[in-house]
Structures are given as C-alpha cells and as structure tokens.
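Trainee: give the three-dimensional model of this entry:
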Amino acid sequence: MREVSGAFLAAIANKTVKIAELYILEMTHGVTYRYTTHSKDKIWDAGNNIYTAIPMKRGDISYTTNFEAGQVGLALSNISTDISADVNNNILERAVLTIKRIRWEASYAADEEFTLFKGFLDIDFDRRTLNLTLKSKFANSNVLIPRFVYEESCNYNLFDEMCGLNRADYAYSGTATDGSQMTVIDSNRGVVYKVAFDNGDVNNPIEIGDTISG
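Mentor: Numbering: from 1, shown residues only. Predicted coordinates for the structure are as follows:
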C-alpha cells in the first residue's frame, strides 16, 4: 500500500499538487545515476542526493495481476558522458531503475514520495537518446544463471608434453657487466628483462658479474 502525507492528499484533493518524478539508475558495478523530470536539479532523499534535470519522456506503466512482468518505456536525452561510456561498455545490462513520484515543493520526508515502478532494463542507444524498456522484477526469472560462464582451468602443467609449449622459446639469459642496469634483448621479442644493479642495496640481489636466466 502506498502511504503519503496528509498535505500530499490535500494537495491532490485541491488539485494543487506539484509533482515531479525521480529516476534512480543502479548499475551492476556499484555506480548510481539520479535524474528528475523537474525543470531544475532537485536535492532529495535522506542522503541529500542531487537529481539532475534532463529531458526525458516516459510511456504508460503497465501493471498485471497474474504475475506477468509489467513494463514501461523511457527515453533519456542529453545523458552524461559517464553513462554514455557505460552504455557503450554494456555495463547497463541488468541495471535496476526505480521511478519515484514526489511532491517537489515539499522538503524530503518518506511520506512525500512513493514508488511508481522498479525493475530491470533493456537498452537501445542511438548516441543521442538512451531508450530504456523497464521490466518488472518478475522478469528476472528469465535471466540466465549464472550471468558469466567460465571455462575450467587447464589440466596440464606449463611446458609439459600435453601443454605443447616449448620452454626454450620463452627462455632468456644475460650477464651483468657494467653500467647501472642490465637489459636482456631477445632477437624476436625485443626487451624481455631489465633489472638495476644493487649498488650496495641489500634489497636488490643482482650484482655485476651475476648471470640471470629464466
């Protein structure tokens, strides 16, 4: 049940209520973006978070009574470069979006807001507008688990007969002679090893005259 303040209800009854919507986009890597439909940025919630005013268009919210997933379409314009990069890197996959409605002229209180919808995102991005289809959390039952599939570790040891790699192809050898550091250069791979001489430093075991191989 959605509970709102008496002032909220009175404003509705008097047809003087001033509504704004808040959009809280929670990414899978821990970053949260906050937007509002209000004409100016809005500071709201217990954390005094800033909700950025950007052009957006929301479709009708569908609800169901038979446990099928409801959904709503949302278009965001002029999004930040940060979220644009997240879209291009596919980080928005399975992000969660919460839509709240608030009485914007009031100071924050829990009964001055209510949640319209919360769900997971399907994304379409055309470099100018971020088009989101928000699906109810019931839709999460259709998600492949686990999200990432990993291969089993290799059963062979490095350079053994089953591995197939030749140890000699990855070997290097050199002798410390003079100067301040030794550089081993492979004819095919270029510089493969570089180490400074100890110059009396007990933490560096390489001294002039030592032979290094690996």
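
Trainee: give me the pLDDT for N48.
Mentor: N48 carries a pLDDT value of 93.

Trainee: then E21?
Mentor: 93.

Trainee: which positions in stretch 106-123 come out as buried?
Mentor: By neighbour count with 16 or more other CB atoms under 10 Å, stretch 106-123 contains the buried residues 106, 112-113, 117, 119-122. Where C-beta positions appear, they are placed from N, C-alpha and C, glycine not excepted.

Trainee: residue ranges of the strands in this protein, please?
Mentor: Assigned by DSSP state E, the chain shows strands spanning 19-26, 32-36, 42-44, 49-53, 56-58, 71-77, 96-103, 113-125, 129-136, 173-175, 181-186, 190-196, 211-213.

Trainee: and the last one, average pLDDT?
Mentor: Spelled out, that is strand 211-213. On average, strand 211-213 scores 57.

Trainee: and the third one, by the same measure?
Mentor: Strand 42-44 shows a mean pLDDT of 93 in the predicted model.

Trainee: quick one: contacts of that strand?
Mentor: Outside strand 42-44, the residues that touch it by CB atoms under 8 Å, 6 or more residues apart in numbering are 20, 22, 36, 49-51, 53, 102, 104, 108, 113.

Trainee: which of those residues lies closest to C154?
Mentor: N49 (46.7 Å; CB to CB).

Trainee: skipping adjacent residues, who's closest to that closest one in space?
Mentor: R34 (5.5 Å; CB to CB, 6 or more residues apart in numbering).

Trainee: is it possible to export the strands of the chain to JSON lines including distance to E161?
Mentor: Output for these, formatted as JSON lines (distance: least, CB to CB, whole Å):
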{"stretch": "strand 19-26", "distance to E161": "51"}
{"stretch": "strand 32-36", "distance to E161": "52"}
{"stretch": "strand 42-44", "distance to E161": "66"}
{"stretch": "strand 49-53", "distance to E161": "60"}
{"stretch": "strand 56-58", "distance to E161": "62"}
{"stretch": "strand 71-77", "distance to E161": "56"}
{"stretch": "strand 96-103", "distance to E161": "50"}
{"stretch": "strand 113-125", "distance to E161": "48"}
{"stretch": "strand 129-136", "distance to E161": "52"}
{"stretch": "strand 173-175", "distance to E161": "24"}
{"stretch": "strand 181-186", "distance to E161": "25"}
{"stretch": "strand 190-196", "distance to E161": "25"}
{"stretch": "strand 211-213", "distance to E161": "23"}
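
Trainee: of all those, which lies closest to N166?
Mentor: The nearest among the strands of the chain, by CB to CB, is strand 181-186 at 14.2 Å.
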